[in-house]
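J.: everything below, folded, please.
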Amino acid sequence: MGKRTILGTYYEMYRSIVERTRVSIDGIAKAIGHTGRGHARSTISRHLSTMYKKKISFRPNLILGTFENSQSTAFFCRKIERKGIRSTFQKLHEDEKVNYALFLSGLCDYFVTTRDPDIDLEKYGLEIVEKSTLYTPVFTVPYGWKISMRDALKSFVDHKFGKGSISREINGILEWSDLDWKIYTLMRENARLEFTKVARNSDVYSSTVKDHYYKYVLPCCTVTHYFFPKGYDHYLQAFLRVHTQYESSFFTALEKLPCTSYVYLLEDGFVTSILHESTNDLMAAIERLEETGIIDRYLLYTPLNWLV
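T.: Numbers count the residues shown, from 1 in each chain. Sure thing, here's the model as predicted:
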């Protein structure tokens, strides 16, 4: 691997998986130049295991796209009575209709996503502050992984922004079989899961799983990849509700940061989850974008807990 640092090796391995989600260990080795005498295949397997253990990366996930008959709705909610805020969060997690719940500090108490747009949140004593269709989220591939967070934020602010929105699409009817749903459920938290393991839990041959995965499941999904140079737990997290006329270039600017950022597209604007190391530095960057007119308005939330 020459003079490449271990973090550089991790990043190149991550990029090889971004380019080919189910690339083999041999394929990763070839992609990063770890071949020939003295380069053991087991080294790549060990590095990959270490990346996941240290949370420098996560296993790639499958996220189902937005369809006419299968789409998510996002809610920003506030507890009307300022009692039992945390226990209410736990109840939301236990609700089978809730896909994802985020416990927030800020103007609202919760960010909730569900595939039932008519979910009854009032029974939890919640006031709905905002409701929106949740379009397929997008995730950045970070290019600022080897520079300091402060330098990366400066690069983020200095980006040449141009007006333009991120496309929001609702596809036609999702026509998945029970097997397709089974494959998606088993693989959504690990798109690299061996087809043989999926087959054992689906009562079909692995060749059938492979065929359905590539023909029906994968084309309807987005594959998400993650990279956090110092490990996910090292960073602070900000949850920003943003309105801007510069959506597309804002997303491109986020790629200049060291860590993967998540962008949840709403009907009007978006929410972005940014990992950082200093609230003061991040807010200075965001306020600078507001001062220069890149951001029209925003709300800052701090995630306290999240449950899926």
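J.: which residues in the stretch 101-250 of the chain form strands?
T.: Under the criterion DSSP state E, counting those that start in this stretch, the stretch 101-250 of the chain contains strands at 110-114, 126-134, 138-139, 221-224, 236-243.
J.: quick one: distance of the shortest one to the chain centre.
T.: If you compare the mean C-alpha spot of strand 138-139 with that of the full chain, they lie 6 Å apart, counting by Cα atoms, centre = their mean, to the nearest Å.
J.: can you list contacts of it?
T.: 166, 222, 224-226, 251, 260-263, 265 (Cβ atoms under 8 Å, 6 or more residues apart in numbering). No exception for glycine: its C-beta is placed from N, CA and C like everyone else's.
J.: which of the residues you listed count as buried?
T.: 224-226, 251, 260-263, 265 (16 or more other Cβ atoms under 10 Å).
J.: need the residues you listed in JSON lines with distance to residue 144 and pLDDT, can you?
T.: Converted to JSON lines, these look like this (distance: Cβ to Cβ, whole Å; pLDDT from 0 to 100):
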{"residue": "224", "distance to residue 144": "19", "pLDDT": "96"}
{"residue": "225", "distance to residue 144": "16", "pLDDT": "96"}
{"residue": "226", "distance to residue 144": "15", "pLDDT": "97"}
{"residue": "251", "distance to residue 144": "14", "pLDDT": "98"}
{"residue": "260", "distance to residue 144": "11", "pLDDT": "98"}
{"residue": "261", "distance to residue 144": "11", "pLDDT": "98"}
{"residue": "262", "distance to residue 144": "16", "pLDDT": "95"}
{"residue": "263", "distance to residue 144": "16", "pLDDT": "96"}
{"residue": "265", "distance to residue 144": "23", "pLDDT": "97"}
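J.: nearest to residue 176, of the strands of the stretch 101-250 of the chain?
T.: Closest to residue 176 of the strands of the stretch 101-250 of the chain is strand 221-224 (Cβ to Cβ; 10.8 Å).
J.: helices or strands next to that closest one in the packing?
T.: strand 61-64 (3 or more Cβ pairs under 8 Å, 6 or more residues apart in numbering; DSSP states H and E).
J.: would you mind listing where this protein has pLDDT under the threshold?
T.: For the chain, applying pLDDT under 70 flags the ranges 1-3, 36-39, 307-308.
J.: against which helices or strands is the strand ranked longest in it packed?
T.: Determined from DSSP state E, the single longest strand within the chain is strand 297-307. Under the contact criterion of 3+ Cβ pairs under 8 Å, 6+ apart, strand 297-307 touches helix 85-94, strand 98-105, strand 236-243, helix 279-291.
J.: packing partners for the second one?
T.: Looking back up the chat, that one is strand 98-105. Partner elements for strand 98-105 (3+ Cβ pairs under 8 Å, 6+ apart): helix 85-94, strand 110-114, strand 297-307.
J.: which of these is buried the deepest?
T.: strand 110-114 (a mean of 22; mean count of other Cβ atoms under 10 Å).
J.: that older thread, run the chain-centre distance for the longest strand of the chain.
T.: Averaging C-alpha positions (Cα atoms, centre = their mean) puts strand 297-307 15 Å from its chain's average.
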